[in-house]
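S.K.: generate a structure from the sequence data that follows.
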Amino acid sequence: MSTPETSRHFEKFTDPKTGIVSWVLKTQVTLQQQGFYFVNRAMDEMGRYLWFYCTNPPAMYMTLGVVDFEDDEVRWFPETEFSGECPLVDVDTGCAIYGGAQGIFRRSPKKDVPLEKLFDLPPEIKKYGPPSRLATHLTYSPDKSRLFMDVRSGDHFILGSLSLEDGSFQVWREYDYCRNHAQFNPTIPDLALCAEDFWTDQTTNTFHVIRHNDKGQFMRLWTLRPDGSETLYPPLNGERATHEWWSRDGQVLYYCKYNPENAIPGASGNNGIAGIRLSTGEHKLYAPVPAWHGYSSLRDEFFVYDENDIFYRGCPSRVGFYNYVTGKQVFIVSQNPAIAPREKPSVYHLDPHPQLVKNDEYVSYTIAQKGYTQVALCPVDQLLAATK
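M.R.: Below you'll find the predicted structure:
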């Protein structure tokens, strides 16, 4: 079986400032290719399949491609249109599950296996009309019997779980303001993380910000139970939170924190990765880096993240690695050039979105060194050596 280092489809990129090496997918099956959103890992644990997003501008819809390292082939599946950032790769089998207007599907990474339709969209999802989003990112329940979904239909937001046995949908709660980024806890049954987010009312075109409660607490981070009960987790030090995820053991709710009051004009003020341990309530800063998105290792010993100075779609960015054990940091990519001018931002979601894959052997992310996006893998062993 080939590897990113030996595959004919990858080329070497060495960061000019840090010397860190990444392997970049050079074979293009569509005009625009990018790594997965940071929450859902894009590679199976055996390292045979690497999935990625495909777009053919000016078309806005995304489909899926995959690298098969055993066959050393790259495949594009043009039938796999999905909504949101939702595809879920089963890290045990390598198959991808996704949803769209026609239902819920499973796509094998093998070229000769036909697309499998799992279910039509249940009536609870369609009751307000055709949904514009089925899930920000699909996640499994701990026993892999259900998927969690955060549906948007018009100005209605429906959160709940879809049974993979019969396609039935259990509504956990409905909202008339935006809740998204929902994720099943990976080990604790019947617990989901979700976020209040910025949104625009489709009826009045009114823009809504994330609220503060009467205690002045930023109302971004929530957990939710099947009976609709929810718990708010205020961010550390009275600041703000964004881009949250569960630790791999399900015990820590991680998020990127920021303080817009301390930011330069036009910047977000991102200033660290923080986490809340559910069992004890311990709430602390784990990585003092200006993380835009982040992801944690299997045993929470290191983190990957991206950052920017001025945010807009297609802005310049960097990709970093933080060693929690030693407190040292190194850039995987010290500078991704802008792929769109600030006065005319990209209409695509092209952030680096780093994540850890194949039992933390690689960092998967989106690189932009050639004026367009590509999929990249960076071996973790060199990052540990650089931060020891």
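S.K.: what's the neighbour count on the nearest residue to residue 279 once chain neighbours are set aside?
M.R.: Nearest residue to residue 279 in three dimensions, chain neighbours excluded: residue 251, at 6.3 Å (CB to CB, 6 or more residues apart in numbering). Just so you know, the C-beta spots here come from the backbone N, C-alpha and C atoms, and that holds for glycine as well. Neighbourhood size, residue 251 [other CB atoms under 10 Å]: 18.
S.K.: would you map the helices across the stretch 251-388 of the chain?
M.R.: Shown for the stretch 251-388 of the chain, the helices assigned by DSSP state H, counting those that start in this stretch span residues 380-386.
S.K.: is the closest residue to residue 42 other than its chain neighbours in a helix, a strand, or coil?
M.R.: Spatial nearest neighbour of residue 42, chain neighbours left out: residue 36 (3.8 Å); criterion: CB to CB, 6+ apart. At residue 36 the chain is in coil, as set by DSSP: H, G, I helix; E, B strand; the rest coil.
S.K.: now the nearest residue to residue 223 once chain neighbours are set aside: which helix or strand?
M.R.: Residue nearest to residue 223 in three dimensions, not counting chain neighbours: residue 231, with 4.9 Å by CB to CB, 6+ apart. Per DSSP states H and E, residue 231 falls inside strand 230-232.
S.K.: let me know the average pLDDT across that strand.
M.R.: Strand 230-232 shows a mean pLDDT of 98.
S.K.: quick one: strands adjacent to it?
M.R.: Sheet pairing for strand 230-232, assigned by DSSP bridges, gives strand 221-224 (antiparallel).
S.K.: residues contacting the partner strand, please?
M.R.: Outside strand 221-224, the residues that touch it by CB atoms under 8 Å, 6 or more residues apart in numbering are 159, 172-173, 179, 182, 191-196, 230-235, 241, 244, 253, 255.
S.K.: please apply the same query to stretch 186-197.
M.R.: By CB under 8 Å, 6+ apart, the residues outside stretch 186-197 that reach it are 139-143, 148, 150, 159, 161, 172, 177-185, 210-211, 219-226, 244-246, 248-251, 253, 278.
S.K.: pull out the buried positions in that stretch.
M.R.: Using 16 or more other CB atoms under 10 Å as the test for burial, stretch 186-197 gives 186, 188, 191, 192, 193, 194, 195, 196, 197.
S.K.: got it, and stretch 275-283?
M.R.: Here stretch 275-283 shows 275, 276, 278, 283 as buried, counting by 16+ other CB under 10 Å.
S.K.: from the chain's centroid, how far away is it?
M.R.: 22 Å (CA atoms, centre = their mean, to the nearest Å).
S.K.: check the separation of the first and last residues in that stretch.
M.R.: Separation of the first and last residues of stretch 275-283 by CA to CA, to the nearest Å is 6 Å.
S.K.: pLDDT of it, averaged?
M.R.: The model assigns stretch 275-283 a mean pLDDT of 97.
S.K.: likewise stretch 238-248?
M.R.: 97.
S.K.: next one: stretch 53-62
M.R.: In this model, stretch 53-62 has a mean pLDDT of 96.
S.K.: for it, C-alpha coordinates in PDB please.
M.R.: Only the C-alpha atoms of stretch 53-62 are listed here, as PDB (Å, rounded to 0.1, in the frame of the first residue of the first chain):
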ATOM      1  CA  TYR A  53     -14.400  18.000  -0.800                       C
ATOM      2  CA  CYS A  54     -14.700  18.800  -4.500                       C
ATOM      3  CA  THR A  55     -16.200  21.900  -6.200                       C
ATOM      4  CA  ASN A  56     -16.300  23.000  -9.800                       C
ATOM      5  CA  PRO A  57     -16.600  26.900  -9.600                       C
ATOM      6  CA  PRO A  58     -18.800  28.700 -10.300                       C
ATOM      7  CA  ALA A  59     -21.000  25.800  -9.100                       C
ATOM      8  CA  MET A  60     -21.700  26.200  -5.400                       C
ATOM      9  CA  TYR A  61     -22.500  22.600  -4.600                       C
ATOM     10  CA  MET A  62     -19.900  20.200  -3.100                       C
END
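S.K.: and for the closest residue to residue 291 other than its chain neighbours, the neighbour number?
M.R.: Leaving aside its sequence neighbours, residue 291 sits nearest to residue 305 (CB to CB, 6+ apart; 3.8 Å). Around residue 305 there are 29 other residues, counting by other CB under 10 Å.
S.K.: residues contacting residue 305?
M.R.: 256, 273, 287, 289, 291-295, 319-320, 322, 354.
S.K.: quick one: low-confidence parts of the stretch 1-150 of the chain?
M.R.: The stretch 1-150 of the chain contains no residues with pLDDT under 70.
S.K.: for it, which segments count as strands?
M.R.: 10-14, 21-25, 32-34, 49-55, 62-68, 73-82, 88-89, 96-100, 103-107, 116-119, 139-140, 146-153 (DSSP state E, counting those that start in this stretch).
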